[in-house]
Structures are given as structure tokens and as C-alpha cells.
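> structure of the sequence below:
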Amino acid sequence: MSVTNELEHDRPGPAGYGALPPDRTGQAEAFDAIGGRYDEAFPHKEGQVEATDWIVDALAAGSRVLDLGCGTGLPTARRLADGGLDVVGVDLSARMVALAREHVPGATFHQADLADLRPGGPLDLGRFDAVTAFFCLLMLPRAEIPLALRTIHHLLVPGGRLALSMVEADVDEFAIPFLGSTIRVSGYLRDELREVVDGAGFDIADETSYTYAPSSADVPPEVQIFLRCTRRE
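This next block holds a predicted model:
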């Protein structure tokens, strides 16, 4: 099952996206098939938990937080909701959204593409005090990652927090086997990642990295980079 990521570069639309939305049907189908096996393959998420707590500890109860690529809702959306925050999750996979709704009934979840949240896009969720984006941007082609970061910048209030993670890899739409499916991933080496994030209007407050070995033999070991950022005014 391959992943299709297309942009209409010759017909610019809002925020630099094409007039037609990206086609990520294959990607959604892959994660529909994976479902809860994702959490089984990645049972230890210390970096994700620590970055989530950085947001919970900084915000007052009732603050709005957007969890992009929310997956099953574990651990991020649940941890945010347990911290008294108003949580909205977005994921492209219908199966992941269904699982997230089961796991975190106090949050609101939408099946949508990040491109739908761009300025002038079809899904207007308002502004947020913080955004989490754990391993979702690596599913985009490199050309689209700066656009996605600018969309996140638009969604945040001035000074809002972004907790972002990527896998360190110098690749662009590279096909890999993943839990019985094939997905395409993109990434950067850490210095270039920092440049891209800074260029989208974020100050990086902290960076941590982990060498992670998933529990499934179907997923290779990886270096995970976590950035804690704030939106510049």
C-alpha cells in the first residue's frame, strides 16, 4: 500500500497550498489498517510524555490545545485532558479518530488533513494556546512541511507553545515498510530541522533526542528529535 502526496504547485491556493487539497488516501488507509497496533509497536513514549507535560505545566485549566496527528489519543490527548485542558485532536485516519474518541471521551476529535486547517481552509477550529505535533509532519513531503509549520503558526496565539517531534533522517517521501503497510516519510538532519522551524516563526526553547527501538521487528530503530517551541509575536 503506497502513499500518495501531491500538491498543485502551478495553481497556488491559500497559504501556498494548491487549489486542490493533497491526496493522502493511501496514507489514511495504511493507518486505518494499523489501528491499535501502533501503540503496541511504540509502548514507551517518554519523550512524548515529557513534551506534553511541558505544555500541561504551563497552561491554565481550560486552555485550548490542538493535538495534530492524534492517533489513538494515547498518551498525548489523554494526558492533556487529564491536565484540565480543552483538547481538540485531528488525524487523517478514521480508525485512529475512532480509537481516540474511545480513549479520551472528554476531548473533541476530527478526521481531517492538516491542510484543511490552513487560513481559508475548510475546517476552522479557531486559535489555540498550544499545539502538539508528534511524528505527524514526517508523513508529508518536504516541500509541504514549511507550509504545515506556517499553518500551525497561524493556529497559535502569540506566544503559544508548540511541542514537535520528528525522526532524524535526510529523506524526502522515502518508502518504508511499517507494521504491514508501506508509508512514505520525510525528514531532516537536526540542524536543518531547526532552520525550517525557525523560518516558520518559532523560537526553539529546548531540544532533546532519543535513540528509540520499537518493540516490533517491522519498524527499524530511529533517532527521535523533540523540539519545544514558542510562536514569535
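> for stretch 74-91, list the C-alpha coordinates in CSV.
The C-alpha coordinates for stretch 74-91 follow below in CSV (Å, rounded to 0.1, in the frame of the first residue of the first chain):
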residue,chain,number,x,y,z
LEU,A,74,-2.6,7.8,23.8
PRO,A,75,-0.8,9.2,25.5
THR,A,76,-1.0,12.8,24.4
ALA,A,77,-4.6,13.7,24.2
ARG,A,78,-5.5,11.8,27.3
ARG,A,79,-2.6,13.4,29.3
LEU,A,80,-3.7,16.9,28.1
ALA,A,81,-7.3,16.2,29.0
ASP,A,82,-6.3,14.8,32.4
GLY,A,83,-4.4,18.1,32.9
GLY,A,84,-7.7,20.1,32.7
LEU,A,85,-7.1,21.4,29.2
ASP,A,86,-9.7,21.8,26.3
VAL,A,87,-8.3,19.3,23.8
VAL,A,88,-9.1,19.1,20.1
GLY,A,89,-7.5,16.2,18.1
VAL,A,90,-7.0,15.9,14.4
ASP,A,91,-6.0,12.8,12.4
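> quick one: average pLDDT of it?
Averaging pLDDT along stretch 74-91 yields 98.
> figure out how far it is from the centre of its chain.
Remark: stretch 74-91 is offset 13 Å from the chain centroid, using CA atoms, centre = their mean, to the nearest Å.
> that stretch: which residues count as buried?
Neighbour-count burial for stretch 74-91, counted by 16 or more other CB atoms under 10 Å, picks out 74-81, 83, 85-91. For every residue, glycine as well, the C-beta is placed using N, CA and C.
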